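Trainee: Make a model of this:
(2 chains)
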Amino acid sequence: MRSYVPVLLLILVAIALPVVIWGISRIVRPHIPSASKYSTYECGIKTTLEAREKFSVRYYLVAVMFLVFDVETVFLMPWAIQMKELAIFGLIEMGIFLFLLLFGYGYIWSKGALTWE
Amino acid sequence: MNAAPVTMTLLQTCVMAVLQAICVVLFVFIIVPLTIYAERKVLGFAQDRLGATRIAGHRVGLTGWLNRGMWRMGKVPFLSYWRGLPMLVGDIAKLFLKEDIVPTKADRAIFLVAPALSLIASVVVFAAVSFYPGALFTFPKIVPIIGGLPFNGCITDMNVGLLFILGIASVGVYGIVLGAWASNSKYPLLGGLRSGAQIVSYEVPLTLSLLAPVVLTGTLNFNKMTLALATEMPLYAVPILFVSFFVYFTCGFAETNRMPFDMPEAENELVAGFHTEYSGMRFGFFYLAEYINMVVVTAIASAFFLGGPYLAPFGLHRYIMHVPFLGAPNGLWFVAKMILLLFTFIWVRGTIPRYRYDQVMAVAWKYLIPFTLILVLLAAMVRYAAPALPVA
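Mentor: Numbers count the residues shown, from 1 in each chain, chains lettered A, B, ... in the order given. Next up is the predicted model:
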């Protein structure tokens, strides 16, 4: 556990870094508020409509596919380290897992989820 | 090479860690401005112009002083090449002096925290990056608390180093997406969504391309991996490392939103992408985080594929292991390789035009993922075939 104390301290230093820089900047920078300065940017014209509207469902699909593949990489990590010890059992196990994954991968490809229009 | 473990009290550990953290921060804050300057200069030469030589401003004050300094530097033979360097002072001063604007419609708390989150995530990654295996130097006995203790080349030599790096590095995307969402404006939202989807997509092939070295070495410890990859690879593992280096580096470009994949910042479509509403130092945090991420990507590429502190790349180091000076590990090789790769980042930016968004996503999902899976499979075959490989 002792070896993670330096990590904690680096995190503290890293948190202090933006706080200190921003603090210095706060002392030296000007503060001249005006209504138009604080309005939302829209190429100089008057802001119309809300920003948070419907957006493409593809972003959602990407997130779901990422979850699947990220779990896969997490599952591959311990196998990669313990490969020699797991020997042929691990190879078969991983083969089954990868077959199922690639089957799903082929399915989403054929459904056009990977093609961005 | 690895000295016997030195027992340290908690106080000594803390003092040492803070010193190392300060060293890392200094290293980052030296190499990042130099990269920004090099980017201006190299892009300038790539486009057949001089690059940065002067700044806009008045004849008096800071700008006048900097411009006069740069003009004088231009008259001296060697210094004329570094003529634009004082410009960095103007750059940093500008970031500090600009007003910090928070739009009234923005979610104030998230808007304020998001850039800092990006910066923090990119700095914390260095906890597991090892610049040199073992001690760089030993403190003399007269130093108060830490006298006689070694100053190590890495902050902590943890067993799950690579996993730590991948995990913390992916926190940076939260800063981008949260900042974009909190801006409550159309362009940042679109830019942030694009950026998030792109970073998330390229994370899979990035992790898989690093899995090939993990399979070959059987460990996640940064130092052990670097050593094993440099000195214990059979010759037929070299092509696999070579190819996974290129896949990793390509994904690194996409992860840091660099030129051929800089969708989030496609100026002609999205103004400035996710940081459109940001100004002053807060924009500076995003800017810094992007460049620190570049440094992290080059550090990992240089350690695992180009040999890191060992001179020869792609596991060829064992042929020169017993050469007197070149065979020994040296932190300078590591930094030199990082600088070479940082130059490649800029070089590619000056050479390759931007892709379309659908092409970017297709490269990740349709080509790189199956390709890297095949690479991992090949690496596994090498591991099974070679009994001489280390079981860590």
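Trainee: what's the neighbour count on residue B:141?
Mentor: 8 (other C-beta atoms under 10 Å in any protein chain shown). Backbone N, C-alpha and C define where each C-beta goes, glycine included.
Trainee: Identify the single longest helix in chain A, thanks.
Mentor: The longest helix of chain A (DSSP state H) is helix A:83-110.
Trainee: Specify the residue ranges that define each domain of chain B.
Mentor: B:10-49+B:103-385, B:52-97 (automatic domain parsing).
Trainee: any idea which of these is most buried?
Mentor: Stretch with highest mean neighbour count among the domains of chain B: domain B:10-49+B:103-385 (a mean of 20; mean count of other C-beta atoms under 10 Å in any protein chain shown).
Trainee: how far does it stretch from start to finish?
Mentor: 45 Å (C-alpha to C-alpha, to the nearest Å).
Trainee: In the stretch 151-300 of chain B, where is pLDDT below threshold?
Mentor: B:264-269 (pLDDT under 70).
Trainee: just the strands in it please.
Mentor: Here the stretch 151-300 of chain B has no strands by DSSP state E, counting those that start in this stretch.
Trainee: Do a quick rundown of the helices in the chain.
Mentor: Answering for chain A, as no chain was given. With helices called from DSSP H, chain A shows them at A:5-28, A:58-81, A:83-110.
Trainee: hm, I was asking about chain B
Mentor: For chain B, the helices defined by DSSP H cover B:10-46, B:61-73, B:87-97, B:108-124, B:161-169, B:172-183, B:186-217, B:222-231, B:238-255, B:267-270, B:280-304, B:331-351, B:357-362, B:369-385.
Trainee: could you dump those helices to TSV with distance to residue B:54?
Mentor: Compiled in TSV, the helices of chain B are given as follows (distance: least, C-beta to C-beta, whole Å):
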stretch	distance to residue B:54
helix B:10-46	12
helix B:61-73	5
helix B:87-97	8
helix B:108-124	30
helix B:161-169	37
helix B:172-183	33
helix B:186-217	32
helix B:222-231	43
helix B:238-255	31
helix B:267-270	24
helix B:280-304	21
helix B:331-351	21
helix B:357-362	36
helix B:369-385	46
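Trainee: Out of the ones you listed, which is closest to residue A:115?
Mentor: Residue A:115 lies closest to helix B:357-362 among the helices of chain B, at 7.1 Å (C-beta to C-beta).
Trainee: what does that closest one contact?
Mentor: Helix B:357-362 has contacts (C-beta atoms under 8 Å, 6 or more residues apart in numbering or on different chains) with A:62, A:114-117, B:194, B:197-198, B:201, B:254, B:261, B:263.
Trainee: before we move on, the earlier item: which one of the domains of chain B lies closest to residue A:56?
Mentor: Using C-beta to C-beta, the domains of chain B put domain B:10-49+B:103-385 closest to residue A:56, at 8.1 Å.
Trainee: can you tell me how far the spatially closest residue to residue B:227 that is not a sequence neighbour sits from residue B:150?
Mentor: Closest residue to residue B:227 apart from its sequence neighbours, by C-beta to C-beta, 6 or more residues apart in numbering or on different chains: residue B:133 at 6.5 Å. Per C-beta to C-beta, to the nearest Å, residue B:133 is found 12 Å from residue B:150.
Trainee: cool, and residue A:55?
Mentor: With the distance defined as C-beta to C-beta, residue A:55 ends up 53 Å from residue B:150.
Trainee: Likewise for residue B:245?
Mentor: For residue B:245, the distance to residue B:150 - C-beta to C-beta - is 32 Å.
Trainee: rewinding a little: hmm, the residue nearest to residue B:227 is touching residue B:307, no?
Mentor: No - if you go by C-beta atoms under 8 Å, residue B:133 and residue B:307 don't touch, sitting 12.0 Å apart.
Trainee: Now do the shared contacts for the two.
Mentor: Joint contacts of residue B:133 and residue B:307 (C-beta under 8 Å, 6+ apart) are residue B:226.
Trainee: Next, the contact list for the nearest residue to residue B:110 once chain neighbours are set aside, please.
Mentor: In this structure, residue B:110 finds its nearest non-sequential neighbour in residue B:182, 3.8 Å apart by C-beta to C-beta, 6+ apart. In this structure, residue B:182 makes contact with B:106-107, B:110-111, B:114, judged by C-beta under 8 Å, 6+ apart.
Trainee: Recalculate using a threshold of 6 Å.
Mentor: For residue B:182, the contact set (C-beta atoms under 6 Å, 6 or more residues apart in numbering or on different chains) comprises B:106-107, B:110-111.
Trainee: Pick the one among those residues closest to chain A.
Mentor: Nearest to chain A among the contacts of residue B:182: residue B:106, at 8.0 Å, using C-beta to the nearest C-beta.
Trainee: does any part of stretch A:78-93 sit near chain B?
Mentor: Yes - counting by C-beta under 6 Å from any C-beta of the partner chain, contacts between stretch A:78-93 and chain B involve A:80-81, A:83-84.
Trainee: still on that earlier bit, of the helices of chain B, which is nearest residue A:38?
Mentor: Among these, helix B:108-124 comes nearest to residue A:38, with 11.3 Å by C-beta to C-beta.
Trainee: which residues are in contact with that closest one?
Mentor: A:10-11, A:14-15, A:18, B:102, B:168, B:171-172, B:174-175, B:178-179, B:182, B:282, B:285-286, B:288-289, B:292-293.
Trainee: switch the cut-off to 7 Å
Mentor: Defining contact as C-beta atoms under 7 Å, 6 or more residues apart in numbering or on different chains, one finds that helix B:108-124 is touched by A:10-11, A:14-15, A:17-18, B:25, B:28, B:102, B:168-169, B:171-172, B:174-176, B:178-179, B:182-183, B:278, B:282, B:285-286, B:288-289, B:292-293, B:296.
Trainee: again, but for stretch A:15-25
Mentor: With contact meaning C-beta under 7 Å, 6+ apart, stretch A:15-25 is reached by B:25, B:96, B:116, B:119-120, B:123, B:280-281, B:285.
Trainee: mind redoing it with 8 Å?
Mentor: B:25, B:95-97, B:100, B:115-116, B:119-120, B:123, B:280-282, B:284-285.
Trainee: Just send the helices of chain A back as a markdown table, with mean pLDDT too.
Mentor: Formatted as a markdown table, those follow (pLDDT from 0 to 100):
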| stretch | mean pLDDT |
| --- | --- |
| helix A:5-28 | 90 |
| helix A:58-81 | 88 |
| helix A:83-110 | 86 |
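Trainee: follow-up on the earlier one: which strands or helices does the longest helix of chain A pack on?
Mentor: With contacts defined as 3 or more C-beta pairs under 8 Å, 6 or more residues apart in numbering or on different chains; DSSP states H and E, helix A:83-110 has these neighbours: helix A:58-81, helix B:369-385.
Trainee: what angle sits between the shortest one and helix A:58-81?
Mentor: An angle of 0 degrees separates the directions of helix B:369-385 and helix A:58-81 when computed by axes from the mean of the first three to the mean of the last three C-alpha atoms, to 10 degrees.
Trainee: can you give me how far helix B:369-385 is from the chain middle?
Mentor: Remark: helix B:369-385 is offset 26 Å from the chain centroid, using C-alpha atoms, centre = their mean, to the nearest Å.
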